[in-house]
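**Q** Pasted the sequence and its predicted model underneath.
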Amino acid sequence: MSAAAPPSGREPAAATCTVLIGIPSFRRPEGLRTLLRSLAKLEDVEGLAIEIFVADNDPRGREAAAVCDEEAPDLAWPVRSGIVAQPGISAARNRIIAEARSRSAEFVAMLDDDEIAQPGWLCALLAMQRRTSADAVGGLVRYEFASALPPSIAASGYLKTVPRPAGEVPILTAANNVLISCKSLQALDWPEFDHRFGASGGEDTEYFARLRRKRFRFAWAPDALTIEHVPLDRMNERAVLARAFRTGNNEVRIYLVNGWTGAIGVAIAKGAALILTAPLFAPILLIRSRRLWLLAKWASAVGRIAALLGRRTSYYGTS
């Protein structure tokens, strides 16, 4: 734990603030180990009461629990794990929320087990929360690729870090780098992540969309940086198209489960327009650098239509 002065523009964390750092984990023991070791290097956290909780979503292998036991002696704060028998990312996130509630934490911060927290990560989230009084604050996730990213993959936009200005924002869409006020969750009777998105993903997008309708306020802290490792099996055309389909599919499913008919109509209209006008854009397929970009647009459109037919993807909780 560093006692150095905080970087310019960043305030030290408030004294006696209690934070639970929650990590959902599924069969990525070495990624989790790297993340825990990065958390040991957090800076400007004097006065914070920090606990780390890992939701191990693999009741058979229990690799995450084993890593926690091995790394605990070298961490400055308590680290515990809990086995989450119900498969899916929603169940793991809900277990983290339940832990924050049972420990009377003031804030719960979530990271994924394929990320590395930078030293100023938590301090930047807390500073932005104090500045804006937001109910949830998101931070920047920067990709680190296993090899040079092919130009066609980069042009697709699906592995691109999109910058956002610091301060209040209309909504957040991801929970892989976020700080949430437990007081705000308590005021809404501790809403849970929807299990219908446990295997497909999109559970965090649905969660924040639902909370926004309950007047949750959001903010963005670009200095709250984490690094996400992208393996080779996510750096190919098939992976990009699968992600594009899943994104469109989850978008419409979110509207369907919440009964947001107006949003459903708009999303379907966009998807249908992309499919019906496909012949007009077909010449773009001859441009190598833009081919995947167009195919991803079509895959997302097909995913929207598929959601209306009851089709959904399975991504989390599988080998």
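**A** Thanks, I have it.
**Q** which non-adjacent residue is nearest the residue nearest to the spatial centre of the chain?
**A** Here the mean C-alpha position of the chain is nearest to the C-alpha of Asn176 (Cα atoms, centre = their mean), at a distance of 2.6 Å. Taking Cβ to Cβ, 6 or more residues apart in numbering, and ignoring the residues beside it in sequence, Asn176 has Asp112 as its nearest neighbour in space, at 4.3 Å. Every residue, glycine included, has its C-beta placed from N, CA and C.
**Q** For the one you found, give me its contacts.
**A** In this structure, Asp112 makes contact with 23-24, 176, 228, judged by Cβ atoms under 8 Å, 6 or more residues apart in numbering.
**Q** What of Asp58?
**A** For Asp58, the contacting residues are 25-27, 64, taking Cβ under 8 Å, 6+ apart as the criterion.
**Q** now, which of those residues lie within helices?
**A** Ala64 (DSSP state H).
**Q** what's the closest of the contacts of Asp58 to Gly157?
**A** For Gly157, the nearest member of the contacts of Asp58 is Phe26. The distance, counting by Cβ to Cβ, is 26.6 Å.
**Q** ok, now how distant is the closest one from Ala301?
**A** Applying Cβ to Cβ, to the nearest Å, one obtains 30 Å for the distance of Phe26 from Ala301.
**Q** How about Lys270?
**A** The value you get for Lys270 to Ala301, if Cβ to Cβ is used, is 7 Å.
**Q** neighbour-wise, which of the two wins?
**A** Higher neighbour count among Lys270 and Ala301: Ala301, with 23 against 16, using other Cβ atoms under 10 Å.
**Q** Surely that one and Ala269 touch.
**A** No - using Cβ atoms under 8 Å, Ala301 is not in contact with Ala269; the gap is 10.5 Å.
**Q** re the thing from before, list the contacts for the residue nearest to the centre of the chain?
**A** Applying Cβ under 8 Å, 6+ apart, we find Asn176 in contact with 110-112, 115, 141, 204, 226, 228.
**Q** Mind putting those residues into a markdown table with distance to Val45?
**A** Conversion of the contacts of Asn176 to a markdown table gives the following (distance: Cβ to Cβ, whole Å):
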| residue | distance to Val45 |
| --- | --- |
| Met110 | 17 |
| Leu111 | 15 |
| Asp112 | 20 |
| Glu115 | 18 |
| Val141 | 20 |
| Asp204 | 25 |
| Thr226 | 16 |
| Glu228 | 22 |
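**Q** Next one: the closest residue to Ser104 other than its chain neighbours from Lys183, what distance?
**A** If the residues on either side of it in the chain are set aside, Ser104 comes closest to Thr18, at 7.2 Å by Cβ to Cβ, 6+ apart. As judged by Cβ to Cβ, Thr18 and Lys183 stand 11 Å apart.
**Q** Please enumerate the shared neighbours of the two.
**A** Applying Cβ under 8 Å, 6+ apart, one finds that Thr18 and Lys183 are jointly contacted by Glu106.
**Q** These two: which is more packed in?
**A** More neighbours surround Thr18 than the other of Thr18 and Lys183, with 16 against 10 (other Cβ under 10 Å).
**Q** lowest confidence element among the helices and strands of this structure?
**A** Among the helices and strands of the chain, helix 278-281 carries the lowest confidence by mean pLDDT, DSSP states H and E, at a mean of 76.
**Q** thinking again about what came up before, of the contacts of Asp58, which is the most crowded?
**A** Among the contacts of Asp58, Ala64 has the most neighbours (other Cβ under 10 Å), with 29 neighbours.
**Q** wait, doesn't that one sit right on Glu30?
**A** No - Ala64 is not in contact with Glu30 according to Cβ under 8 Å; the separation is 10.9 Å.
**Q** residue ranges for the helices of the protein, please.
**A** Using DSSP H, the helices of the chain run over residues 29-39, 63-71, 89-102, 121-132, 151-156, 182-187, 203-212, 237-258, 261-276, 278-281, 288-308.
**Q** Is the residue nearest to Ser104 in contact with Ala49, as I believe?
**A** Yes - at 4.3 Å, Thr18 and Ala49 qualify as touching, with contact defined as Cβ under 8 Å.
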